[in-house]
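> okay, here's the prediction I keep looking at, along with the sequence it came from:
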Amino acid sequence: MSEQNFDVVVIGAGPAGYVAAIRAAQLGLKTACVDMFTGKDGKAALGGTCLNVGCIPSKALLDSSRQFHNLTHTFGVHGISARDAAIDVPTMVGRKDKIVKQFTGGIAALFKQNKVSAFFGKGRLLPNRQVEITAADGSKQTLAASNVILATGSVPIELPFAKFDGKHIIDNAGALDLADVPKRLGVIGAGVIGLELGSVWKRLGSDVTIIEALPDFLAAADAEVAKTAAREFAKQGLKIELGAKLSKAEIKGNEVHLTYAGKDGDKQLVVDKLLVAVGRRAYTQGVLADGTGVSTDERGRIVVDEHCWTGAEGVWAVGDCVRGPMLAHKGSEEGVMVAELIAGKAGHINMDTIPWVIYTEPEIAWVGKTEAQCKADNIPYKTGSFPFAAIGRAVAMNEPAGFVKMIAHAETDRILGVHLVGANVSELVAECVVAMEFKGSSEDLARIVHAHPTLSEAVHEAALSVDKRAIHKGN
Ligand code: NAD
């Protein structure tokens, strides 16, 4: 086999693509991974959106801003006081950049260990599983593969009347790299990015207004969870305008002047920065040459079956560029599945047990169906819930907000969904995912010993509460 022939060529080194490449190499397949992302230092960087401008850097800033907020707002109850607390934004952003570099470099090291060949440049699928790579200097080379995995990810959606200029009107990447705290920050879209990055700058002192087109807050989440979260965000001073449609965003000097139609008619808002976070779209532009046999749907996503096969021989697609939620862990598992299928093994992903997490304060997490979905699907169900205010560990941590709610089938008791809002629920949801993956019932979780005192007792008590036998609350 010549150097430029591979068993597997992956286009995209985000969490879907790099995981697929590592798994394929582990299974003994000669693997290459192509990526075109350039880091802040101008050098090629692996890891895609998640590591460079998504999951990891946002968590770094969420943690820094949380520490600052606690120091200035909540440490008083512990008897801790600090004078002249200040945030140095360049130091905070520098810490974030160091973490990003550590992890993107970590993928390069993992590629080396696993003998995955990394190529830098824009990959394009040609007919017959050839992959053309165009480097930053315009030079081209072509790889031949038995299998190609497309993992090209997604890009932020741009509003035609509020185009990104990178300075005043910014996307998620821009909001991770501000030089100082904007006095007034406008956010379009109360989705995952709007809430997480809006929280970061609010905690650091910005006056944050989030404008959301839909009339309901967090429509994808359980209604009670959304209600509790909305109440907590309002307490934090995060202003969220629902049912508000932006019609104009004009940059005037160093300000952005917004016009939007709200519940009470047209409104104006002047901000210093505007973050547009109205969703992302699959990135497939220039990725597919004519005659590859791969098709895209009306939203530009690569069409695949339940095994992420495109229908063209040896061509697969995973992650944000295909149907399903745009979540790193969903893309990674699809990548593993495809690598295993290529290696002749069984590959599988259960779309019904993919956890969702929003890293606000309190955190929001869920897995499975909401009550509204059970009703819409005519599934008979019962619920049990338990508040963190009655959990000793949560109160000792000064984190009493939120609850765990479990939904189980009314006849079989099988867990259909679990909805959590509160401290560390990003971790607690894992137990619920495992229970659902094992087709567990609420009684299964109710009979399992949970350590005391821990936050996980809220999951235990919610399971007990399904059968109206919670111990630490009335039933
Ligand atoms: P999103 O889909 O989560 O939210 C976008 C919001 O913008 C929606 O509520 C939508 O109703 C609103 N919107 C759309 N057009 C609008 C308009 N013209 N005016 C006002 N509001 C408008 O999208 P996002 O927050 O941009 O995130 C993009 C993707 O990245 C999502 O799929 C998300 O799952 C993923 N992501 C996940 C995480 C996480 O898992 N914690 C974090 C960040 C991003």
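It's in.
> and for the residue nearest the centre of the chain, nearest residue in space, chain neighbours not counted?
Residue closest to the mean C-alpha point of the chain, counted by C-alpha atoms, centre = their mean, is L327 at 4.8 Å. Nearest-residue entry for L327: I354, 6.5 Å, with adjacent residues in sequence omitted and distances by C-beta to C-beta, 6 or more residues apart in numbering. No exception for glycine: its C-beta is placed from N, CA and C like everyone else's.
> for G324, see how far away the one you found is.
Noted for I354: a distance of 8 Å to G324, by C-beta to C-beta, to the nearest Å.
> next up, the contacts around the residue nearest to L327.
P325, L327, H329, K330, V367 (C-beta atoms under 8 Å, 6 or more residues apart in numbering).
> got a pLDDT number for it?
At I354 the predicted local confidence, pLDDT, stands at 98.
> near the ligand, which residues of the stretch 151-300 of the chain?
Applying C-beta under 6 Å from any ligand atom, one finds that the stretch 151-300 of the chain approaches the ligand through 159, 188-194, 196, 211-214, 245-246, 277-280.
> and the closest residue in space to S441 that isn't next to it in sequence, what is it in contact with?
Nearest non-adjacent residue to S441, counting by C-beta to C-beta, 6+ apart: D413, 4.0 Å away. Counting by C-beta under 8 Å, 6+ apart, D413 touches S441, S442, E443, V466.
> most neighbours, which of those?
S442 (26 neighbours; other C-beta atoms under 10 Å).
> touching, that residue and R469? I think so.
No: with contact defined as C-beta atoms under 8 Å, S442 does not reach R469; the gap is 10.7 Å.
> which residues of the stretch 301-450 of the chain fall in helices?
For the stretch 301-450 of the chain, helices defined by DSSP state H, counting those that start in this stretch occupy the ranges 328-342, 371-376, 392-396, 425-437, 442-446.
> out of those, which is the most enclosed?
Mean neighbour count (mean count of other C-beta atoms under 10 Å) peaks for helix 328-342 among the helices of the stretch 301-450 of the chain, with a mean of 23.
> got the contact list for that one?
Residues outside helix 328-342 that contact it (C-beta under 8 Å, 6+ apart): 7-8, 10, 14-21, 23-24, 26-27, 29, 50, 54-55, 147, 149, 151, 307-309, 316, 318-320, 322, 324, 346-349, 351, 354-355.
> do the same with stretch 256-266
Identification of contacts with stretch 256-266 by C-beta under 8 Å, 6+ apart yields 168-169, 186, 211, 241-251, 267-274.
> and these, which are buried?
Buried positions within the contacts of stretch 256-266, assessed by neighbour count (16 or more other C-beta atoms under 10 Å), are 168-169, 186, 211, 241-242, 244, 246, 249, 269, 271-274.
> greatest separation within the residues you listed: which pair is it?
Greatest spacing in those, by C-beta to C-beta: H168 and L242 (24.5 Å).
> strands - which of the buried ones among the contacts of stretch 256-266 land there?
I169, G186, I211, E241, L246, A249, L269, V271, K273, L274 (DSSP state E).
> distance of S426 relative to W356?
For S426, the distance to W356 equals 10 Å [C-beta to C-beta].
> whoops, I mixed them up, N114
30 Å.
> again, but for R184
Separation of R184 from W356 (C-beta to C-beta): 30 Å.
> for S2, report the pLDDT, please.
On the pLDDT scale, S2 is placed at 48.
> what does G265 give?
Note on G265: pLDDT of 88.
> hey, what's it bridged with?
G262 (DSSP bridges).
> okay, now the closest residue to S64 other than its chain neighbours: neighbour count?
Spatial nearest neighbour of S64, excluding adjacent residues (C-beta to C-beta, 6+ apart): M92 at 4.5 Å. Residue neighbour count, defined by other C-beta under 10 Å, stands at 21 for M92.
> what's the answer for the one 5 residues further on, then?
Each residue near D97 was counted by other C-beta under 10 Å, and the total is 17.
> which parts of the host helix or strand of it are buried?
In this structure, D97 is located in helix 89-114 according to DSSP states H and E. Residues 89, 92-93, 96-97, 99-101, 103-104, 107-108, 110-111 are the ones in helix 89-114 that count as buried (16+ other C-beta under 10 Å).
> that older thread, quick check: phi and psi at the residue nearest to S441.
Torsion angles at D413 (phi, psi; degrees, to the nearest 10) stand at phi 70, psi 0.
> model confidence for it, exactly?
The model's pLDDT for D413 equals 98.
> neighbours around the closest residue to the ligand within the stretch 51-200 of the chain, how many?
Nearest residue of the stretch 51-200 of the chain to the ligand, counting by C-beta to the nearest ligand atom: G191, 1.7 Å away. If you count neighbours by other C-beta under 10 Å, G191 ends up with 20.
> just give the nearest non-adjacent residue to it, would you?
A277 (6.1 Å).
> list the contacts of that neighbour.
A277 touches P156, D171, N172, V187, I188, G189, G191, I193, G194, L197, counting by C-beta under 8 Å, 6+ apart.
> my guess is T74 contacts E399, does it?
No: in this structure, T74 is not within contact of E399 by C-beta under 8 Å, at 9.5 Å.
> please report the distance of the residue nearest to V367 when sequence neighbours are not counted from the ligand.
Counting by C-beta to C-beta, 6+ apart, V367 lies nearest to P355, which is 4.7 Å off, once chain neighbours are set aside. P355 is 9 Å from the ligand, where distance means C-beta to the nearest ligand atom, to the nearest Å.
> could you give the number of residues near P355?
19.
> which residues does it contact?
Per C-beta under 8 Å, 6+ apart, neighbours of P355: H329, A365, W366, V367, V429, A430, C432, V433.
> okay, and the beta partners of the third one?
Beta bridges link W366 to W356, H419 when assigned by DSSP bridges.
> that one and V418 touch, don't they?
Yes: at 6.6 Å, W366 and V418 qualify as touching, with contact defined as C-beta under 8 Å.
> kindly tell me how buried R447 is, as a neighbour count.
Residues within reach of R447, counting by other C-beta under 10 Å, total 11.
> pLDDT wise, what is it at?
Predicted confidence (pLDDT) for R447: 98.
> quick one, phi/psi of it?
With angles defined as degrees, to the nearest 10, R447 sits at phi -90, psi 0.
> which residues in the stretch 151-300 of the chain form strands?
Applying DSSP state E, counting those that start in this stretch to the stretch 151-300 of the chain gives strands spanning 154-156, 169-170, 184-188, 207-211, 239-241, 245-252, 255-262, 265-271, 273-276, 280-282.
> who does the fifth one pair up with?
Strand 239-241 has the following sheet partners, assigned by DSSP bridges: strand 207-211 (parallel).
> now do the partner strand: everything it contacts.
183-190, 194-195, 198, 201-202, 237-241, 244, 246, 258, 260, 269, 271.
> filter those residues down to the buried ones, ChimeraX style.
In ChimeraX syntax, the buried subset of these is picked out as below (16+ other C-beta under 10 Å):
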select :184,185,186,187,188,189,190,194,195,198,201,202,238,239,240,241,244,246,258,260,269,271
